[in-house]
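Undergrad: here are the coordinates; sequence isn't available:
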């Protein structure tokens, strides 16, 4: 039987377009040191380091864990590198958590990052491959047709995407680490922003950020830290093939199966009622209503109605992306871990201005690739 | 507390099946996925199972060989994950993918995992590509190639009085002679060491024979625990110890003639808990076998790299996983009882993994 595992320390950088003030090593170290301080630990207390990031070509540094080993205090220890596309920040946290729940280690440091300003992710995503359809316009161009398909299926009105864009940027005003702080954001500003990939406008898309996230995970007999632990109640990964005739790209089965697995572990039968707060990977505005349905917060076709009703707003009954989400900070490799980290902060009561009062059970979700890779966890303030 | 004292007894996990491609210098006729699929079919076919018998998949590969992002995605699509499966990927040698799968199996909730890795070195220039593994600010801009870095290490070994060029030639000669019995080997021949010493230097003190071949290759392993381990093998080969460690990246701060990370991993994996019959060591350069043999605490009674080792075939991303497969095969065929397999990553053996395997 698996051992209990908890988050006992979190850290993140100030996310920005360009972190010219630090190297890649400096960036990951900034987040890691903050997580160690939060856990009341030092480098020597850590048994193993698990690092994740999106494709190496984003910075032009092959297998950067080799170069980063000394910066993360990993010398003499096991160091592990995860890469599962956009879900990688979440997957990395899960690989680290399994090192605890399997009983192999007591305390594991997990880190994820991207320094997008060191290279050009759009270029790296667009390298032509033999016999493969080119993405050319990056991720937004890939997802826009799926969003159109969702709008057609559900009958959702055009303004729903703009509502999400405004809500998440307003939430980001509460989060000092968020990349985008757009004080006067409103529906009109989003509507007047440039059309990028119909129906997605500029302000309905995530930014490109430099940033890192870090967590210290602990076994039950090695707890420490400034705040109570965030216990992992359930965790899972699921993948499905990128393309085949039977695949529903709007509502992928891998996402549904992954959440079903995590909910079963966490004893959740009614996500909307039982989950207090959720951080869900929404890099393009419309993915909020799409994931509301995929994650079982409502019936099929009703996701946009929940968004429209304000249920997912900061003062709604199921606040989503209180940190500002991926729409407000997107250091790609770290974006998934930031979701997992934010929900840990919520149940530990350390989220400051974006704290949801009394948050006890929270869902973190990350997805990647062409929405065929999923990683999720549910954390809680109570020991499972 | 020492690593050995802290060691827990792991849940028994067996190497249920192993398969690899014919290792070749250049496979122009197949892409990565086309090379991989027959090997995955083989690793299932060996024990009569399908992907539906598998609970978890983990793979190892690097985007820098193919020259595009997400090289693991098309491979996974072809392996087939429908209905959706629990799956993960490491940008590391497949030996580390095997480690991740082994960790998951430790929890006792799943019993079978597929691990695979692939890499075609032929489309690019490996010397240039591997230079991009180095510190991107201070070292990579100088483009030091892996052969030159390995030559620095070999020179340090000679200067320390720990080895001679004749020792390198003897290791290369033995490895490629042993490879004559390995139908998957890329370089197999019977050339005496004295003859090899007549080679020109590539980078002094390394002559051509002391370098690994450049290889296109693929490998896969099925791990099994619980009832499936016995169902799928009459005499299971068990993983009884598993650990990996890393050293600093700064070459100038390391003693290149030793491998402290291998020493620690060997301690964590319990190599010295019993006699070792055979060792499959991922020493891409001949001189590295001397360093690793010492770090693993192996004496001259141990048979080293009977498959020919990485000097006979060195497919990037798979060569470590193949060591584990070859060591397991040695046990399952009754030629050994207890074996150690090793994998490495990074310049001059920066990161090392040690896996102890035992028969019944």
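TA: Alright, I've got the coordinates. Nothing here was measured: the structure is a model prediction, and the numbers come from that model.
Undergrad: Neighbours of residue 328, how many?
TA: I went with chain A, as the question did not name one. Residue A:328 has 26 neighbours, counted by other CB atoms under 10 Å in any protein chain shown. Quick note: C-beta positions are derived from backbone N, CA and C, even for glycine.
Undergrad: you looked at the wrong chain, it should be chain B
TA: Based on other CB under 10 Å, the number of other residues close to residue B:328 is 28.
Undergrad: Which parts of the stretch 151-300 of chain B are helices?
TA: B:165-178, B:193-196, B:226-232, B:260-269, B:286-295 (DSSP state H, counting those that start in this stretch).
Undergrad: can you tell me which of those comes nearest to chain A?
TA: helix B:260-269 (6.2 Å; CB to the nearest CB).
Undergrad: Give the other helices and strands that the closest one contacts.
TA: Judged by 3 or more CB pairs under 8 Å, 6 or more residues apart in numbering or on different chains; DSSP states H and E, the packing partners of helix B:260-269 are strand B:238-246, helix B:286-295, strand B:338-345, strand B:351-358.
Undergrad: Low-confidence stretches in the stretch 101-250 of chain A?
TA: Scanning the stretch 101-250 of chain A with the threshold set as pLDDT under 70 gives A:129-137.
Undergrad: Contacts only, for residue A:109.
TA: A:32, A:35-36, A:46, A:48-50, A:72-73, A:96, A:214-216 (CB atoms under 8 Å, 6 or more residues apart in numbering or on different chains).
Undergrad: Try it again at 6 Å.
TA: A:46, A:49, A:216 (CB atoms under 6 Å, 6 or more residues apart in numbering or on different chains).
Undergrad: Pull up the residues of the stretch 201-350 of chain A that are close to chain B.
TA: Contact residues, the stretch 201-350 of chain A versus chain B (CB under 6 Å from any CB of the partner chain): A:237, A:238, A:239, A:240, A:241, A:242, A:253, A:254, A:257.
Undergrad: would TSV of the residues you listed with secondary structure and neighbour count be doable?
TA: Formatted as TSV, these follow (DSSP: H, G, I helix; E, B strand; the rest coil; neighbours: other CB atoms under 10 Å in any protein chain shown):
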residue	secondary structure	neighbour count
A:237	strand	26
A:238	strand	28
A:239	strand	31
A:240	coil	30
A:241	coil	20
A:242	coil	19
A:253	helix	18
A:254	helix	26
A:257	helix	19
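Undergrad: List just the nearest of these to residue B:340.
TA: residue A:237 (30.8 Å; CB to CB).
Undergrad: hang on, the closest one packs against residue B:89?
TA: No. Using CB atoms under 6 Å, residue A:237 makes no contact with residue B:89, being 10.3 Å away.
Undergrad: one step back: tabulate the helices of the stretch 151-300 of chain B in CSV, adding columns for mean pLDDT.
TA: Below are those laid out as CSV (pLDDT from 0 to 100):
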stretch, mean pLDDT
helix B:165-178, 98
helix B:193-196, 98
helix B:226-232, 97
helix B:260-269, 98
helix B:286-295, 98
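Undergrad: Dump those into a markdown table; add mean neighbour count as well.
TA: Formatted as a markdown table, these follow (neighbours: other CB atoms under 10 Å in any protein chain shown):
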| stretch | mean neighbour count |
| --- | --- |
| helix B:165-178 | 22 |
| helix B:193-196 | 15 |
| helix B:226-232 | 17 |
| helix B:260-269 | 24 |
| helix B:286-295 | 24 |
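Undergrad: Mind putting those into CSV with distance to residue A:264?
TA: Formatted as CSV, these follow (distance: least, CB to CB, whole Å):
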stretch, distance to residue A:264
helix B:165-178, 51
helix B:193-196, 61
helix B:226-232, 21
helix B:260-269, 34
helix B:286-295, 45
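Undergrad: just to revisit the earlier point, ok, which of the helices and strands packed on helix B:260-269 comes nearest residue B:278?
TA: Of the helices and strands packed on helix B:260-269, nearest to residue B:278 by CB to CB is strand B:338-345, at 4.6 Å.
Undergrad: Output the set of residues of the stretch 101-250 of chain B in proximity to chain A.
TA: Counting by CB under 6 Å from any CB, the stretch 101-250 of chain B sits next to chain A at B:103-104, B:106-107, B:132-133, B:135-137, B:244, B:246-249.
Undergrad: Now restrict those residues to buried residues only.
TA: Listed as buried from those are B:103, B:104, B:106, B:132, B:133, B:135, B:136, B:244, B:246, B:247, B:248, B:249; burial here means 16 or more other CB atoms under 10 Å in any protein chain shown.
Undergrad: Which residue, other than its chain neighbours, is closest to the fifth one?
TA: Excluding the flanking residues, the one nearest residue B:133 by CB to CB, 6 or more residues apart in numbering or on different chains is residue A:62, at 4.7 Å.
Undergrad: Can you give me every residue that contacts the one you found?
TA: A:56, B:64, B:132, B:133.
Undergrad: separation between the first one and residue A:114?
TA: In this view, residue A:56 and residue A:114 are 11 Å apart by CB to CB, to the nearest Å.
Undergrad: same thing with residue A:24?
TA: 9 Å.
Undergrad: same thing with residue B:103?
TA: Distance from residue B:103 to residue A:114, by CB to CB: 25 Å.
Undergrad: Next: residue A:372.
TA: Taken as CB to CB, the span from residue A:372 to residue A:114 is 20 Å.
Undergrad: Is the residue nearest to residue B:133 in a helix, a strand, or coil?
TA: Per DSSP: H, G, I helix; E, B strand; the rest coil, the secondary structure class of residue A:62 is coil.
Undergrad: Next: the one 10 residues further on.
TA: With three-state DSSP as the basis, the three-state label of residue A:72 is coil.
Undergrad: Could I get the full set of strands for chain B?
TA: For chain B, the strands defined by DSSP state E occupy B:13-20, B:56-60, B:86-90, B:112-120, B:201-203, B:206-207, B:216-225, B:238-246, B:278-280, B:303-304, B:338-345, B:351-358.
Undergrad: Save these as JSON lines, and put in mean pLDDT too.
TA: Formatted as JSON lines, those follow (pLDDT from 0 to 100):
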{"stretch": "strand B:13-20", "mean pLDDT": "98"}
{"stretch": "strand B:56-60", "mean pLDDT": "98"}
{"stretch": "strand B:86-90", "mean pLDDT": "97"}
{"stretch": "strand B:112-120", "mean pLDDT": "97"}
{"stretch": "strand B:201-203", "mean pLDDT": "98"}
{"stretch": "strand B:206-207", "mean pLDDT": "98"}
{"stretch": "strand B:216-225", "mean pLDDT": "98"}
{"stretch": "strand B:238-246", "mean pLDDT": "98"}
{"stretch": "strand B:278-280", "mean pLDDT": "98"}
{"stretch": "strand B:303-304", "mean pLDDT": "98"}
{"stretch": "strand B:338-345", "mean pLDDT": "98"}
{"stretch": "strand B:351-358", "mean pLDDT": "98"}
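Undergrad: In CSV: those, plus distance to residue B:289.
TA: Below are these laid out as CSV (distance: least, CB to CB, whole Å):
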stretch, distance to residue B:289
strand B:13-20, 21
strand B:56-60, 23
strand B:86-90, 25
strand B:112-120, 22
strand B:201-203, 18
strand B:206-207, 13
strand B:216-225, 20
strand B:238-246, 19
strand B:278-280, 9
strand B:303-304, 7
strand B:338-345, 10
strand B:351-358, 13
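Undergrad: thinking again about what came up before, looking at the residues of the stretch 101-250 of chain B next to chain A, point me to the pair that's furthest apart.
TA: B:107 and B:137 (39.7 Å).
Undergrad: ok, so of the contacts of residue A:109, who is nearest residue B:46?
TA: residue A:49 (35.4 Å).
Undergrad: Show the pLDDT at the closest one.
TA: Looking at residue A:49, its pLDDT reads 98.
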